[in-house]
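> structure, please.
(one chain, ligands or ions: 1)
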Amino acid sequence: MERLVDTLGRPVRDLRVSVTDRCNFRCVYCMPKEVFGRDYPFLPRAELLTFEEIERVARAFAGLGVEKIRITGGEPLVRRDVETLVEFLARINGLDLTLTTNGALLGRKAAALKDAGLKRITVSLDSLDDDVFRAMNDVDFPVMRVLEGIDAALAAGLAPVKVNVVVKRGLNEESVLPMARHFHGSGVVLRFIEYMDVGHTNGWRMDDVVPASEIVAAIDAELPLEPVEPAYRGEVANRWRYRDGGGEIGVIASVTQPFCGDCTRARLSADGQVYTCLFAVEGHDLRALLRGGASDEELSTVIAAIWRARADRYSELRSAATADLPKVEMSYIGG
Ligand code: SAM
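A predicted model of the protein is given here:
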């Protein structure tokens, strides 16, 4: 088979699958309450892809070169019986299967997810300071419950557990070092993410971004670090390890060091649209095909054509003007 690459020579390796656009948090930088309030038009249930439909799309992508699938959202653990989807996707041969969650329901779900075939997990946690964390998730959710979720994931054997920390200037930059100290030597891999201009509701400004270099320097001053070579092309995080053997961290510098040239990711929204960039304005509808009786071969041909035409490199072109584009929201397209 001819190798599938886009117009910039990039293969398709990763698929992020959003299973819901709903979330039980209202993180101020992602789903601010003023926008995602009671009246917000979330997707009706009938519009969501079923688990069978998601599996079909996932198999088509796997046939075109996808090796890794991340289940995300919204908050994936609020989708009823999400472990059934994990079971379906775990049947696809040779797939690296993972999930990103805010951890709120993980204490209850970790063992079932592992039993269903999930290999590892990423938990988002922006601060260990309870006041800061409650203000950031904006639903008054305590840090302790997320830490219990992380412990449950570790106990279930969902290894390695990674913890995503989005750093926003003036909000939680003071939380970086305490996080590093807390997880140093624990086996949990911290990943610090530069605050991005996803969607168009979070009021992003360049001044809000704490550059990855600043995060690394702050940690290195107390817990000396050295760089680790990337494990594979397209790895999003720059990896660093503690010189004393206390494990490693990653930094995701998508604003200050864009990595579009190596981006091998496609995204599937909960209602079956494929997006070829996190910062896309428009998607490609697969649900109509799925529900219109398309064969697996037709599905695969359409996805291949979408990928072949792909030219996105938003982060390399980012400017004050692009920040205002009517981009889709991260809670919809999947983080
Ligand atoms: N609800 C799940 C969670 O909290 O992990 C999955 C979806 S969430 C959109 C995925 C990740 O995107 C989270 O780690 C979140 O902090 C991150 N995120 C959301 N908005 C972001 C932004 N503007 N810049 C950088 N990361 C962001």
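
> give me the pLDDT for the closest residue to the ligand within the chain.
Per C-beta to the nearest ligand atom, Gly335 is where the chain lies closest to the ligand, at 2.2 Å. To be clear about C-beta, it is placed using only N, CA and C from the backbone, and glycine gets the same treatment. On the pLDDT scale, Gly335 is placed at 74.

> what's the burial count for it?
By other C-beta atoms under 10 Å, the residues close to Gly335 number 24.

> check the gap between it and Leu99 for me.
As judged by C-beta to C-beta, to the nearest Å, Gly335 and Leu99 stand 11 Å apart.

> how far away is Tyr232 from Asp312?
Going from Tyr232 to Asp312 by C-beta to C-beta gives 21 Å.

> can you pick out the residue with more neighbours from those two?
Each of Tyr232 and Asp312 has its neighbours counted (other C-beta under 10 Å); Asp312 has more, 19 against 10.

> wait, the more buried one sits on Glu282?
No - look at Asp312 against Glu282 with C-beta atoms under 8 Å: they stay out of range, at 10.9 Å.

> contacts only, for the closest residue to Arg243 other than its chain neighbours.
Spatially, and ignoring its direct neighbours in sequence, Arg243 is nearest to Pro224 (4.4 Å; C-beta to C-beta, 6 or more residues apart in numbering). Contacts here follow C-beta atoms under 8 Å, 6 or more residues apart in numbering; on that basis Pro224 touches Tyr242, Arg243, Asp244.

> next, format those as JSON lines and append secondary structure, neighbour count and distance to the ligand.
Formatted as JSON lines, the contacts of Pro224 follow (DSSP: H, G, I helix; E, B strand; the rest coil; neighbours: other C-beta atoms under 10 Å; distance: C-beta to the nearest ligand atom, whole Å):
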{"residue": "Tyr242", "secondary structure": "strand", "neighbour count": "18", "distance to the ligand": "22"}
{"residue": "Arg243", "secondary structure": "coil", "neighbour count": "11", "distance to the ligand": "27"}
{"residue": "Asp244", "secondary structure": "coil", "neighbour count": "11", "distance to the ligand": "27"}
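
> apart from its chain neighbours, what residue comes closest to the residue of the chain closest to the ligand?
Using C-beta to C-beta, 6+ apart and skipping the chain neighbours, the partner closest in space to Gly335 is Thr72 (5.2 Å).
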